[in-house]
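> structure, please.
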Amino acid sequence: MREPTQRERMATLEVEVRHLTEAVSNIAASQKSMDEKLTAIVSLKDQGRGVLWLLGIIWASGVLGGLVALWHWLKG
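The predicted model follows:
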């Protein structure tokens with residue numbers, strides 16, 4: 001068996017670097033996709049938190065209104 005020449009070694013390295021570059025590009029694209037999905041999930045969570053906050057205020061104002069009505073009814 002003979003030793004590979006410098007040109008053969010360089011050609012092999014070029015092919016390997018091309019494959020690695022493609023793999024890294026694919027990983028970067030999938031990571032970008034995951035980042036977009038996570039951003040959408042966090043956005044939905046924040047929107048849900050806003051809805052819960054609004055419902056909590058509405059509920060609390062109803063309870064407070066009920067207590068005030070009860071106070072006025074008891075007071076006469």
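
> going forward, measure contacts between C-alpha atoms and count neighbours the same way
OK.

> pLDDT below threshold where in the chain?
Filtered on pLDDT under 70, the chain yields no residues whatsoever.

> can you tell me the element the residue nearest the centre of the chain falls in?
Centroid-nearest residue in the chain: L38, 1.5 Å away (criterion: CA atoms, centre = their mean). In this structure, L38 is located in helix 6-75 according to DSSP states H and E.

> just how off-centre is that helix within its chain?
Offset of helix 6-75 from its chain centre (CA atoms, centre = their mean, to the nearest Å): 3 Å.

> hmm, back to that, who's in contact with the residue nearest to the centre of the chain?
L38 makes contact with no residue, according to CA atoms under 8 Å, 6 or more residues apart in numbering.

> and I41, by the same measure?
With contact set as CA under 8 Å, 6+ apart, I41 has no partners.

> do you know how far it is from L52?
Going from I41 to L52 by CA to CA, to the nearest Å gives 16 Å.

> now do S25
41 Å.

> for H72, same thing?
30 Å.

> just V42 next, same as before
15 Å.

> for stretch 29-42, output the C-alpha coordinates as CSV.
The C-alpha trace of stretch 29-42 is given here as CSV (Å, rounded to 0.1, in the frame of the first residue of the first chain):
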residue,chain,number,x,y,z
ALA,A,29,-31.3,25.9,10.6
SER,A,30,-32.9,23.4,13.0
GLN,A,31,-31.8,25.5,16.0
LYS,A,32,-33.3,28.6,14.4
SER,A,33,-36.6,26.7,13.9
MET,A,34,-36.6,25.6,17.6
ASP,A,35,-35.9,29.2,18.7
GLU,A,36,-38.9,30.4,16.7
LYS,A,37,-41.1,27.7,18.2
LEU,A,38,-39.9,28.5,21.7
THR,A,39,-40.5,32.2,21.1
ALA,A,40,-44.1,31.4,20.0
ILE,A,41,-44.7,29.3,23.1
VAL,A,42,-43.4,32.0,25.4
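
> quick one: furthest residue from the center of this structure?
Most peripheral residue of the chain (CA atoms, centre = their mean): G76, 55.9 Å.
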